[in-house]
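Novice: Here you go, sequence then predicted model.
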Amino acid sequence: MKKAIITVVGHDTVGIIAKVCTYLAENDINILDISQTIVQGYFNMMMIVDRSASKKHFGDVVTELEELGRQIGVIIKCQREEIFAQMHRI
Amino acid sequence: MINIYEVEETNKMVEQENLDVRTITMGISLLDCIDSDLERCRDKIYQKITTAARDLVKTGEEIAREFGVPIINKRISVTPIALVGGAACRSPQDFSKIAATLDQAAQEVGVNFIGGYSAMVSKGMTAADEMLICSIPQALSETERVCSSVNVGSTRCGIDMDAVKLMGEVILETARRTAAQDSLGCAKLVVFCNAPDDNPFMAGAFHGVTEGDRVINVGVSGPGVVKTAIEKVRGESFETLCETIKKTAFKVTRVGQLVAKEASRRLKVPFGIVDLSLAPTPAVGDSVAEILCEIGLERVGAPGTTAALALLNDQVKKGGVMASSYVGGLSGAFIPVSEDQGMIDAVNAGALTLEKLEAMTCVCSVGLDMIAIPGDTKATTISGIIADEMAIGMVNQKTTAVRLIPVIGKGVGETVEFGGLLGYAPIMPVNPCDCSAFVNRKGRIPAPIHSFKN
């Protein structure tokens, strides 16, 4: 399994999750887990996804999600999971 | 599974606390480029570097993108050129032609610095070593990306004082030749004692002869991350402080380890080491001096500075060593003056002197680094400063280095601007008493008694 972490931060508006999920479905990226908080009106979401079935180059996924974020008015980051696992697990 | 708070913590380190991988440095052996014909030698060097490091910059950028961690520099270190060019070069001018080749190769592959215009002369100089050293002013003034280093001492061999004397003159001449750029050439020239073979940081990086054909070494950074972490334990005991630094250093180093392994896999080049250094930049919040202030000093240079730095350096190592399978290079806190806003402020406030900086180098990597001094400083005085720093390294069995910039045409109270990561620096006063009779003695200082371990 090739895991990646997607984070979305910004003002809460209708349809953020829908748009991100649609993009992921179109690119054969499977969602494993979603957690979400709203702090002082700020939307904060993290997704753990599996990208092993996706045929798209991972660097392009990162760029396209960033662009999608700009369209919705939020910041979307997509990073390989290892950076977090390495840092927070021995 | 990773939770949202851990993800937030990591991303905050990158976005707000300047966590980055400072450099991926590819070490390339040029021993197979040795040739008695200078043009053939230069051609082989160019071909080897541009082939071996062809994908270095692209790969670094891809990794940064996929992990979401900036990789600031992609660089190359090569075998000390005194060894590579010895068979072909008949004069210092011949050596500077090799420097030009290195510069072209670095430009071709898109790296901002290439290190290894170096000579290892801790016990004595060969004719080639001496020619290379004499060529340094010309080489550094005629190239943009070449970095030079000379190792003039070691715990095993003592200090080659002839080389120390020569380096005082070479530094001054390099300053003169680059006077139009505020003597910038000297920012690319380091004098070492106990230089490591696998240092990824410039200007002192070279690919030692103990290394394989190619290697990937990575230098991490993160003074801002350490400072933010210890802000939360203000006023608490040393135990709590040390534990916090250790845990933070672990996290920072893991990023370096991950990037190094990934770069090694993609480039099909063996992974060498992660260098655990805390490397500051002139950016606000990316300062080792600010960590020392957060530990409890009004300014760097205050009484307690050396102890605070010793503590910091040790905890960074203890945390970092466990995070990486191979640790090497310089691995410690860097205390360059011009590259650290907190250091600059301390100098301007009169809190930090050259003598206090020298004391600080006893307990951290690396040495007197990026310090601007008056342009009219005598060569023998510069040699005296080098000798002091080399003695600290030799006796304490550690790496020490000197990167002084005598700024031609400027004096104490004036400021020099280098730009970019090199920052700016106030010119610091140097003790005016003469040491030429000491420096002008011939020969070398013997190795210290504790080097005889056999």
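Specialist: Now that the structure is in, tell me what you want to look at. Given the structure is predicted, the values throughout are model-derived calculations rather than measurements.
Novice: Can you report how many residues lie near whichever residue of chain B sits closest to chain A?
Specialist: Going by C-beta to the nearest C-beta, chain A is nearest to residue B:68 of chain B, at 3.8 Å. Every residue, glycine included, has its C-beta placed from N, CA and C. Neighbour count for residue B:68, taken as other C-beta atoms under 10 Å in any protein chain shown: 19.
Novice: Enumerate every residue touching it.
Specialist: Applying C-beta atoms under 8 Å, 6 or more residues apart in numbering or on different chains, we find residue B:68 in contact with A:62, A:77-79, A:83, B:11, B:14.
Novice: Confirm that residue A:38 lies within a helix, as I assumed.
Specialist: No. Residue A:38 sits outside any helix when classified using DSSP: H, G, I helix; E, B strand; the rest coil, being strand.
Novice: For the stretch 201-350 of chain B, what lies in contact range of chain A?
Specialist: With C-beta under 8 Å from any C-beta of the partner chain as the criterion, the stretch 201-350 of chain B meets chain A at residues B:251, B:254-255, B:257-258, B:322.
Novice: Inside strands: which ones of the residues you listed?
Specialist: Among those, DSSP state E puts none in strands.
Novice: excluding its backbone neighbours, what's nearest the residue in chain A that chain B sits nearest to?
Specialist: The minimum distance from chain A to chain B, using C-beta to the nearest C-beta, falls at residue A:79 (3.8 Å). Excluding its sequence neighbours, the residue lying closest to residue A:79 (C-beta to C-beta, 6 or more residues apart in numbering or on different chains) is residue B:68, at 3.8 Å.
Novice: could you say what helices and strands the longest helix along chain A packs with?
Specialist: Longest helix of chain A, by residue count under DSSP state H: helix A:58-72. The elements that helix A:58-72 packs onto, with contact taken as 3 or more C-beta pairs under 8 Å, 6 or more residues apart in numbering or on different chains; DSSP states H and E, are strand A:3-11, helix A:16-26, strand A:74-80, helix B:56-67.
Novice: tell me which residues of the first one are tucked away?
Specialist: Neighbour-count burial for strand A:3-11, with 16 or more other C-beta atoms under 10 Å in any protein chain shown as criterion, is recorded at A:3-10.
Novice: on that earlier part again, of the contacts of residue B:68 - the most surrounded one?
Specialist: That'd be residue A:78 among the contacts of residue B:68, by other C-beta under 10 Å, with 28 neighbours.
Novice: hey, which helix or strand in chain A has the poorest pLDDT?
Specialist: strand A:30-39 (a mean of 89; mean pLDDT, DSSP states H and E).
Novice: tilt between that one and strand A:3-11?
Specialist: 30 degrees (axes from the mean of the first three to the mean of the last three C-alpha atoms, to 10 degrees).
Novice: Contact distance from chain B - what residues of chain A qualify?
Specialist: So far as C-beta under 8 Å from any C-beta goes, chain A lies against chain B at A:5, A:7, A:33, A:35, A:37, A:44, A:46, A:48, A:58-59, A:62-63, A:77-88, A:90.
Novice: Show me just the buried residues among these.
Specialist: The buried subset of the residues of chain A next to chain B (16+ other C-beta under 10 Å) comprises A:5, A:7, A:44, A:46, A:48, A:58, A:62, A:77-88.
Novice: low pLDDT regions in the stretch 1-150 of chain B?
Specialist: Nowhere does the stretch 1-150 of chain B drop to pLDDT under 70.
Novice: ok, 80 please
Specialist: Low-confidence segments of the stretch 1-150 of chain B, defined by pLDDT under 80: B:1.
Novice: how about residue A:81, phi and psi?
Specialist: The phi and psi torsions at residue A:81 (degrees, to the nearest 10) take the values phi -60, psi -30.
Novice: Isn't residue B:10 up against residue A:85?
Specialist: No. Using C-beta atoms under 8 Å, residue B:10 is not in contact with residue A:85, being 10.2 Å away.
Novice: Now do the strands in the stretch 151-300 of chain B.
Specialist: With DSSP state E, counting those that start in this stretch as the criterion, the stretch 151-300 of chain B has strands at B:158-160, B:189-193, B:214-220, B:271-275.
Novice: Could I get the contacting residues of the residue of chain A closest to chain B?
Specialist: A:4-5, A:7, A:62, B:66-68.
Novice: which of these sit farthest apart?
Specialist: Spanning the widest gap among the contacts of residue A:79 are A:7 and B:66, at 14.6 Å by C-beta to C-beta.
Novice: Chain neighbours aside, what residue packs nearest to residue B:424?
Specialist: residue B:417 (4.4 Å).
Novice: just checking, the one you found touches residue B:181?
Specialist: No. Applying C-beta under 8 Å as the test, residue B:417 and residue B:181 come out as separate, 9.9 Å apart.
Novice: Would you check the distance separating the helix or strand that contains residue B:6 from the middle of the chain?
Specialist: Element membership of residue B:6 [criterion: DSSP states H and E] is helix B:4-16. Relative to its parent chain, helix B:4-16 has a centroid offset of 29 Å by C-alpha atoms, centre = their mean, to the nearest Å.
Novice: Same question for stretch B:383-391.
Specialist: 17 Å.
Novice: And stretch A:10-22, by the same measure?
Specialist: 11 Å.
Novice: what sits up against that stretch?
Specialist: In contact with stretch A:10-22 (C-beta under 8 Å, 6+ apart) are residues A:6, A:8, A:31, A:34, A:36, A:38, A:41-43, A:45, A:47, A:65, A:68-69, A:72-76.
Novice: what are the ranges of the helices in the stretch 1-150 of chain B?
Specialist: B:4-16, B:38-52, B:56-67, B:81-85, B:92-109, B:127-142 (DSSP state H, counting those that start in this stretch).
Novice: what pLDDT, on average, does the longest helix along chain B get?
Specialist: For chain B, the longest helix by residue count, based on DSSP H, is helix B:238-267. For helix B:238-267, the mean per-residue pLDDT is 95.
Novice: angle of that helix against helix B:56-67?
Specialist: Orientation check (the same axes, to 10 degrees): helix B:238-267 against helix B:56-67 gives 120 degrees.
Novice: what packs against helix B:238-267?
Specialist: Helix B:238-267 is packed against helix A:82-88, helix B:4-16, strand B:21-28, helix B:56-67, strand B:214-220, helix B:223-231, strand B:271-275, helix B:305-323, with contacts defined by 3+ C-beta pairs under 8 Å, 6+ apart.
Novice: about what we covered before: give the buried residues for the helix holding residue B:6.
Specialist: Neighbour-count burial for helix B:4-16 [16+ other C-beta under 10 Å]: B:4, B:6-7, B:10-11, B:13-14.
Novice: These also near chain A: which ones?
Specialist: Near chain A, by the rule C-beta under 8 Å from any C-beta, you find B:4, B:6-7, B:10-11 out of these.
Novice: export those residues to JSON lines and tack on distance to residue B:75?
Specialist: As requested, these are exported to JSON lines (distance: C-beta to C-beta, whole Å):
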{"residue": "B:4", "distance to residue B:75": "36"}
{"residue": "B:6", "distance to residue B:75": "31"}
{"residue": "B:7", "distance to residue B:75": "30"}
{"residue": "B:10", "distance to residue B:75": "25"}
{"residue": "B:11", "distance to residue B:75": "26"}
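Novice: do you know how far residue B:402 is from residue B:361?
Specialist: Taking C-beta to C-beta, to the nearest Å as the measure, residue B:402 and residue B:361 are separated by 9 Å.
Novice: Need the residues touching each of those two.
Specialist: B:367-368, B:389.
Novice: Show me chain B divided up by domain.
Specialist: Domain assignment for chain B by automatic domain parsing gives B:22-193, B:222-444.
Novice: Quick one: those domains as CSV, columns for distance to residue A:20 too.
Specialist: Shown next, in CSV, are the domains of chain B (distance: least, C-beta to C-beta, whole Å):
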stretch, distance to residue A:20
domain B:22-193, 17
domain B:222-444, 26
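Novice: Residue B:47 - how many residues pack around it?
Specialist: Counted with other C-beta under 10 Å, residue B:47 comes out at 12.
Novice: er, residue B:414 actually
Specialist: Residues lying near residue B:414 (other C-beta under 10 Å) number 13.
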